[in-house]
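S.K.: Sequence and predicted structure below; questions after.
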Amino acid sequence: MFPTSNRGFLKFLIVLIAFQDVAAGVAGSIMADLIVAFPEFSPTTVMLIATIPGLLQIFPSLFYGKLANKFSKRALLTTGLILFIIGGIMPFFLSNLFAIIVFRGILGLGVGITLPLSIDIITGFFDGRERDFLIGFGTSTIACVGAIFFQVVGGMLADSYGWNYGFLVYLFPIWILAITFMFLPEPKKQDVPNASIKDVLFKAPKTVYGFTIGQIIFSAFIFGYVTNISIIIQTEGLGNATEAGLAISLFTTGTLITGFIFGRLRSMLPNMIVPLGVLLTATGILWCSAVGSLTMIFVASVLGGMGLGIVLPGVLARVSELSNLAKGISYVGIAAAGQGLGGIVSPYMFATLLGIFGLEGGRSTLLVSSIGLFILAIVWAVIATRKSPLPIHESEGQTEVA
């Protein structure tokens, strides 16, 4: 275990890794500008700039267990951050849409490594309620501080100089790469078997698959907000790219707020915490779809983000508990892949749903998103009530690492 006198600094280094884990959504704040910049392509195609990181995030996440057994945490961290930085910066130099999408995919590969890695490192140094706090604080609070920074600063750069300048904000993680590489200690290597892909993907507890499917659906509906709030604000004359970025940032501010109290909420409502989070997000997005002022969109965005700050760490914490570290099996990558898959299917899902009901994008997308999330919350709650309460930190296959 890390020396007690340095535990505070260790926690800082660990949660710092999560700073860029949701920054792939920075394109949402300049989506309206991107659609204007590429008029020869459909909005659904242009939205791949925001959603393609989620698709490429899937692959390293699914194989994270194998990667973690073969490579050191330091090597994985360095690789993930380098991919993130290169994939983030390169669109600044490009004017070809498909080249931009390719590099956004490279950014997604980096997130696909660092997201499960941040959870893995936490479980390698901490356990119990301290572990729950750090998972909530890292995946919600710190990740959302990062998102706020990328979205607001990216929007400001785009407004001031042009849409491509928004991508220069990805220069910032260079200092994170430097400080974590220099000071983050390597967790003690555990003498565990090298679990097969078959064991991880096809022999997981049913709860893992259930949470992952829920994560896919939740993320798909969330991206309806991320990719459309900028369009609503700018096309309706409510604000510019900076203010669109601020709306998304306030959404993540709500996530930050609940990240502080996630551990306590989960101990109070171990089975119902995730359905509650989905319900809050649905309410916030429905409110956004109905109001006509920028101020009220900001308020509603905070409420929606509070739900996200419960759902994301709630899913990851539960799946982490179901992992069997003694056998080298971690299911965190599966849940992380579900998050990415939801993002990539989102534009096509909404295009289909809106087409069926004869609706256009913008506010209609938010309305459909909120309805879908309300249904998901109800279904998730019904399933949760049918299960007996699970004691936190004591579930099948869990071996905690102190």
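M.R.: Looks like it arrived, so ask away. Numbers count the residues shown, from 1 in each chain.
S.K.: in the helix or strand that Gly245 is a member of, what's buried?
M.R.: Take DSSP states H and E as the rule and Gly245 turns out to sit in helix 241-268. The neighbour-count check on helix 241-268 (16 or more other Cβ atoms under 10 Å) flags 241-259, 261-263, 265-266 as buried. Just so you know, the C-beta spots here come from the backbone N, C-alpha and C atoms, and that holds for glycine as well.
S.K.: what helices or strands is the helix or strand following that helix leaning on?
M.R.: Per DSSP H and E, the first helix or strand lying C-terminal to helix 241-268 is helix 273-290. Judged by 3 or more Cβ pairs under 8 Å, 6 or more residues apart in numbering; DSSP states H and E, helix 273-290 is in contact with helix 206-226, helix 241-268, helix 294-322, helix 363-385.
S.K.: Select, out of these, the one closest to Ile52.
M.R.: Of all the helices and strands packed on helix 273-290, it is helix 206-226 that lies closest to Ile52, at 11.6 Å by Cβ to Cβ.
S.K.: buried set for that closest one?
M.R.: So helix 206-226, judged by 16+ other Cβ under 10 Å, has buried residues 207-208, 211-212, 214-226.
S.K.: and what of stretch 57-65?
M.R.: Quick answer for stretch 57-65 (16+ other Cβ under 10 Å): 57-65.
S.K.: now it, how far from the centre of its chain.
M.R.: 14 Å (Cα atoms, centre = their mean, to the nearest Å).
S.K.: Can I get it as PDB, trimmed to CA atoms?
M.R.: Extracted as PDB, the C-alpha positions of stretch 57-65 are listed here (Å, rounded to 0.1, in the frame of the first residue of the first chain):
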ATOM      1  CA  GLN A  57     -13.300   3.400 -27.300                       C
ATOM      2  CA  ILE A  58     -15.000   0.000 -27.400                       C
ATOM      3  CA  PHE A  59     -12.100  -2.100 -28.600                       C
ATOM      4  CA  PRO A  60      -9.400  -1.300 -26.000                       C
ATOM      5  CA  SER A  61     -12.000  -1.300 -23.300                       C
ATOM      6  CA  LEU A  62     -13.100  -4.900 -24.200                       C
ATOM      7  CA  PHE A  63      -9.600  -6.100 -24.300                       C
ATOM      8  CA  TYR A  64      -8.400  -4.100 -21.300                       C
ATOM      9  CA  GLY A  65      -8.100  -7.100 -19.100                       C
END
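S.K.: quick check: mean pLDDT across that stretch?
M.R.: Stretch 57-65 carries an average pLDDT of 76.
S.K.: what does stretch 288-303 give?
M.R.: Rounded mean pLDDT across stretch 288-303 is 90.
S.K.: Phi, psi for Leu184 please.
M.R.: phi -70, psi 120 (degrees, to the nearest 10).
S.K.: That one: neighbour count?
M.R.: Around Leu184 there are 19 other residues, counting by other Cβ atoms under 10 Å.
S.K.: Please apply the same query to Gly146.
M.R.: 22.
S.K.: Does it touch Phe19 like I think?
M.R.: Yes - at 3.8 Å, Gly146 counts as touching Phe19 under the criterion of Cβ atoms under 8 Å.
S.K.: Using a markdown table, lay out the helices and strands packed on helix 273-290 together with distance to Met47.
M.R.: Compiled in a markdown table, the helices and strands packed on helix 273-290 are given as follows (distance: least, Cβ to Cβ, whole Å):
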| stretch | distance to Met47 |
| --- | --- |
| helix 206-226 | 8 |
| helix 241-268 | 14 |
| helix 294-322 | 19 |
| helix 363-385 | 11 |
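S.K.: looking at these, which has the lowest confidence?
M.R.: Across the helices and strands packed on helix 273-290, helix 241-268 gives the lowest mean pLDDT, at a mean of 78.
S.K.: Remind me what that one packs against, helices and strands.
M.R.: helix 31-37, helix 128-136, helix 143-161, helix 229-235, helix 273-290, helix 294-322.
S.K.: now do 10 Å
M.R.: helix 31-37, helix 128-136, helix 143-161, helix 206-226, helix 229-235, helix 273-290, helix 294-322 (3 or more Cβ pairs under 10 Å, 6 or more residues apart in numbering; DSSP states H and E).
S.K.: tell me what the third one is packed against?
M.R.: Counting contacts by 3+ Cβ pairs under 10 Å, 6+ apart, the secondary-structure elements packed against helix 143-161 are helix 7-16, helix 31-37, helix 241-268, helix 294-322.
S.K.: Out of those helices, flag the one nearest Tyr348.
M.R.: Going by Cβ to Cβ, the one of the helices and strands packed on helix 143-161 nearest Tyr348 is helix 31-37, 16.2 Å.
S.K.: Cheers, nothing more for now.
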